[in-house]
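Asker: would you be able to build a 3D model of this:
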Amino acid sequence: MIDPLRRSLSRGVGVLADLPLPRLLRPALLRVFANMSGARLEEAGLPLNQYGSLGEFFARTLRADCRPIDPDPKALISPVDGRVQGVEVIQHGMIVQAKGLEYPVRELLAGVGEELNLEGGVCMTLYLSPSDYHRIHTPAASKISEARWVRGRMHSVAPTVLARKMVLPINERCVLRLDTDQGPLLLVLVAALNVARLIVNDVQPDWSGLVEPALMRERGAELGRFELGSTVIVITPAGMVEPEASLTPESTVRMGRRIARWLP
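Answerer: The predicted structure follows:
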């Protein structure tokens, strides 16, 4: 599928997702969607009759008790709900997307954090399916000091696609630098087919470069949201974190749980 068609399809899906749902039918329709997608209705932050469209339900908040934040100050927490696509060490400036497919980390980052030495750093790729909670949270107390929106393609980021096609460094994305007390983190929010809308709170879609003044974010604070599902990539320089042993391909993560431990 050529890219203009992908964009048109994504826009069309967005229009359908925004169609108003009849109030009396909302609970029944959303239960049908949840049964089809695997979404967990019991976690929704609002009664089902208060979601005016599928789009509102996709971007739903959760009940306050659903995602406790790991209390350990040495924990780097997951920014999203999702499934682990890969945990890689950056070698020779490259990240492995799938067996036989690798790409330059600098191409993915599009100039953000250009002065950082990322050789030997850690890259954690987290995939959000349509059933997942779609809001993105801050993995550590930090300030957003750089932001760049990269206009790109709209390929699917489903694992079956990533296994055979180079996608992540060419898709539309927002790249953020988060400066923490422990050092810099790089966060890449990758849009995808049917995910035409990626929203980053307080970051405008035409920003490209330094953020002045920097935007302060508390650990676990909402950072933005996808609509439908997509991918978040967390990158750290060498010697900053040690990923959790349980963080293996296809394992699930939940926002607020530890995915790595800060190293002294």
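
Asker: figure out the length between the terminal residues of stretch 191-210.
Answerer: This stretch, stretch 191-210, spans 22 Å end to end (CA to CA, to the nearest Å).

Asker: what's the first helix or strand after the helix or strand hosting residue 55?
Answerer: Assigned by DSSP states H and E, residue 55 belongs to helix 54-58. The first helix or strand that comes after helix 54-58 along the chain, using DSSP H and E, is strand 75-77.

Asker: what about that following strand, average pLDDT?
Answerer: The pLDDT scores in strand 75-77 average 99.

Asker: give the partner strands of the next helix or strand after it in its sheet and their orientations.
Answerer: Per DSSP H and E, strand 75-77 leads on to strand 82-89 as the next helix or strand towards the C-terminus. Here strand 82-89 is paired, per DSSP bridges, with strand 122-127 (antiparallel), strand 252-253 (antiparallel).

Asker: what's in contact with strand 82-89?
Answerer: Applying CB atoms under 8 Å, 6 or more residues apart in numbering, the contact partners of strand 82-89 are 95-98, 120-129, 132, 159, 162, 231-232, 243, 247-253. C-betas here are computed from N, CA, C, even on glycine.

Asker: now with 7 Å?
Answerer: Outside strand 82-89, the residues that touch it by CB atoms under 7 Å, 6 or more residues apart in numbering are 95-96, 120, 122-129, 132, 159, 162, 231, 243, 247-253.

Asker: what does stretch 253-264 give?
Answerer: 67-70, 72, 74-82, 84, 124, 126, 133, 137, 182, 220, 239-244, 247.

Asker: identify each buried residue in that stretch, please.
Answerer: Within stretch 253-264, the residues that qualify as buried are 253-260, 262, counting by 16 or more other CB atoms under 10 Å.

Asker: from those residues, pick the one nearest residue 59.
Answerer: Of all the buried residues of stretch 253-264, residue 255 has the smallest distance to residue 59: 14.1 Å, by CB to CB.

Asker: can you tell me the closest non-neighbouring residue to that closest one?
Answerer: Spatial nearest neighbour of residue 255, chain neighbours left out: residue 67 (4.8 Å); criterion: CB to CB, 6 or more residues apart in numbering.

Asker: all set now, cheers.
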